[in-house]
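Enquirer: The sequence isn't on hand, but the structure is:
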């Protein structure tokens, strides 16, 4: 959904200007551009790569290091059987429809969103209401692309209907989206035609493995499956300790129907995923939950959305869990940790919410799921998903392969079990039922204790019993006593076996990266009356380059100081760049404000005399002056966040002068 976007300083955000800066400064660029490019594929340039690497570094420290997680790196190529078992082959799809006139493929939910938003804008125009700059820009852009949308006043109840549909857009399935398109006579603005009914489109890229092409496979759509398949080995590596978490950072691939929104919807992207394995007994409590229970989150629960509203509630996570808004402590713990991670990166805290999945968008195996969404010029964007996947993944892979993906836990006290048990005569059972043998056996073993008790009585009285087995004969199967035994037995268990449940935080690194750029972007007016200068106010730990080294001129006497300073910064792990171009000091700093470089060190003629240099802070443009060693120590403390710029200004002498053409 489109929105009125603002910069870090509250100015209207012009996305076209920002995109131009990001491409010009090579944060990212379309892949294969000189061949015309391919939609949904992008390359990162030097600042984009550095920004991405810093986000991943902070993620690893915040999660893997802090939580003692086990990191793995699994194969991208995935055999068909793995993703068939996980449900991706059958269910990993979006709804698409086709324009009958020009053949354009449209993603159904996006098409519905665009049409309704355009009508609501037309209603505002017709009522004479002020349209925000962002909406106006979008409308102009669409008018150029299509033939525009007339300003038509809508009935008040129709406006409410449209707004309610947009609030629940993620909850509609294909049939419901098709009904909305027909009910509200939605047409493609480019042709005036109503698109065909939505059909499911599987998003995975299919391939074949090996020269004979006999092994079908896919490029993985997520990094999770490799972690599930390695569960038994990871448990052994962890000396059988529970709970524990694995983590993975790697590329995933989704064949998006109609990629748009730049880095926010792409076909190849970097993910960072965590699988936290937890004992389902004990309500999935977390031993560190008390550390985060007072953290307040902006929550948009499913009940609010289903009522057609998007109003968030600011609730401490402890209260959200105790009141059942969030399903359990472990899920709540990770929601709070995700919030702290995004805050550490520099995400605008007024532009974040946690939205709960509604019934139709929830994965069939999930017990609860929340998305951390960030507000951008494209609307609210899902950047992190946090789901309780129950025991689904380990269970289905274990059933398919026979591998014991379980935890064996020695009990402090033996457990006495009394229950009805089934013994199948394998040599007779299979030959008797032939091709239906496995299906009937599975049905028998899936029976409840009450059913087994009844079947045991039937065997004793009639020498057989009848069981419902869908798909075999007429759905009713007779089983004789020569094929199996059902007896009530007592046994002692010294070991408990169970399949862990999984809490999965899943991070879209590219989406976080782009949202972070928008949240930290603003413009600074210049003294000369030129156009406003762009600034990216990344926190020092996130910024692609930490320090710009600026010699006052090309004087050769500055060269030794440049080399020495650069070496000192490298020694303490601080990245720097040197700009010895002929541009003014102000212009050189301004160019690097666009790159988000937080600090600048100037070497001037005073440096030659006493070895002192100046240190400039990006956002305030204020400067201090001290010896090289003091300045390097100050930069290190600023980058590791042990000191603030205010601390540095109180410790080192303020310096006035040098900078021109910057404000």
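Expert: Sure, I can see it. Model, not experiment: these values are computed from the prediction. Numbers count the residues shown, from 1 in each chain.

Enquirer: can you map out the strands along the stretch 251-400 of the chain?
Expert: Secondary structure of the stretch 251-400 of the chain (DSSP state E, counting those that start in this stretch): strands at 268-278, 296-300, 313-316, 352-356, 368-376, 379-388.

Enquirer: pretty sure residue 362 contacts residue 370?
Expert: No - taking contacts as C-beta atoms under 8 Å, residue 362 lies outside contact range of residue 370: 10.6 Å. Heads up, the C-betas are built off the backbone N, CA and C, glycines and all.

Enquirer: Who has more neighbours out of these two?
Expert: residue 370 (30 against 17; other C-beta atoms under 10 Å).

Enquirer: one step back: would you turn the strands of the stretch 251-400 of the chain into CSV with distance to residue 74?
Expert: Putting the strands of the stretch 251-400 of the chain into CSV (distance: least, C-beta to C-beta, whole Å) gives the following:
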stretch, distance to residue 74
strand 268-278, 10
strand 296-300, 31
strand 313-316, 36
strand 352-356, 28
strand 368-376, 23
strand 379-388, 19
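
Enquirer: out of these, nearest to residue 536?
Expert: Among the strands of the stretch 251-400 of the chain, the nearest to residue 536 by C-beta to C-beta is strand 368-376 (14.7 Å).

Enquirer: partner strands of the closest one, parallel or antiparallel?
Expert: Counting by DSSP bridges, the strands paired with strand 368-376 are strand 352-356 (antiparallel), strand 379-388 (antiparallel).

Enquirer: Of the ones you listed, which is nearest residue 598?
Expert: For those, proximity to residue 598 was assessed by C-beta to C-beta; strand 352-356 is nearest, at 22.4 Å.

Enquirer: contact partners of that closest one?
Expert: 297-302, 305, 312, 325, 335, 339, 342, 368-375, 380, 382 (C-beta atoms under 8 Å, 6 or more residues apart in numbering).

Enquirer: Could you check the angle that strand makes with strand 296-300?
Expert: 50 degrees (axes from the mean of the first three to the mean of the last three C-alpha atoms, to 10 degrees).

Enquirer: circling back to that earlier point, among the strands of the stretch 251-400 of the chain, which is nearest residue 251?
Expert: strand 268-278 (5.9 Å).

Enquirer: In terms of secondary structure, what does the closest one contact?
Expert: helix 46-59, helix 224-229, strand 244-253, helix 329-345, strand 501-508, helix 509-520 (3 or more C-beta pairs under 8 Å, 6 or more residues apart in numbering; DSSP states H and E).

Enquirer: hang on, the earlier thing: Throw the strands paired with strand 368-376 into TSV and include mean pLDDT, thanks.
Expert: Formatted as TSV, these follow (pLDDT from 0 to 100):
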stretch	mean pLDDT
strand 352-356	97
strand 379-388	95
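
Enquirer: Among those, which comes closest to residue 128?
Expert: The nearest among the strands paired with strand 368-376, by C-beta to C-beta, is strand 379-388 at 24.9 Å.

Enquirer: Can you list the buried residues in that closest one?
Expert: Using 16 or more other C-beta atoms under 10 Å as the test for burial, strand 379-388 gives 379-381, 383-388.

Enquirer: Touching it from outside, list them.
Expert: 1-3, 261, 264, 284, 327-328, 330-331, 334-335, 338, 342, 353, 355, 357, 363, 366-375, 501-508, 511-512, 515.

Enquirer: Please tell me the pLDDT value assigned to the residue nearest to residue 349 when sequence neighbours are not counted.
Expert: Of all residues not flanking residue 349 in the chain, residue 343 sits nearest, at 6.4 Å (C-beta to C-beta, 6 or more residues apart in numbering). Residue 343 carries a pLDDT value of 98.

Enquirer: what's around residue 343, how many residues?
Expert: 14.

Enquirer: who's sitting farthest from the centroid in the protein?
Expert: The centre of the chain is farthest from one residue, residue 461, which by C-alpha atoms, centre = their mean lies 59.2 Å away.

Enquirer: For the one helix or strand it maps to, could you pull out the residues that count as buried?
Expert: Element membership for residue 461 (DSSP states H and E) is helix 449-462. If you call a residue buried by 16+ other C-beta under 10 Å, then helix 449-462 has these buried ones: 451-452, 455-456, 458-459.

Enquirer: again, but for stretch 77-93
Expert: 78, 80, 82-83, 85-86, 88-89, 92-93.

Enquirer: Roughly how far does residue 599 sit from residue 576?
Expert: As for residue 599, its distance to residue 576 is 9 Å (criterion: C-beta to C-beta, to the nearest Å).

Enquirer: Same drill for these two, tell me which one is more crowded.
Expert: Each of residue 599 and residue 576 has its neighbours counted (other C-beta under 10 Å); residue 599 has more, 25 against 21.

Enquirer: for the stretch 1-150 of the chain, what spans make up the strands?
Expert: Using DSSP E, counting those that start in this stretch, strands in the stretch 1-150 of the chain cover 28-30, 42-44, 70-71, 77-79, 93-98, 105-107.

Enquirer: Quick one: closest of the ones you listed to residue 203.
Expert: Comparing the strands of the stretch 1-150 of the chain by C-beta to C-beta, strand 93-98 comes nearest, at 6.1 Å.

Enquirer: just for the stretch 251-400 of the chain, where's the confidence low?
Expert: Within the stretch 251-400 of the chain, the stretches with pLDDT under 70 are 364.

Enquirer: Tell me where the stretch 1-150 of the chain is predicted with low confidence.
Expert: The low-confidence ranges in the stretch 1-150 of the chain, as defined by pLDDT under 70, are 1-3, 130-150.
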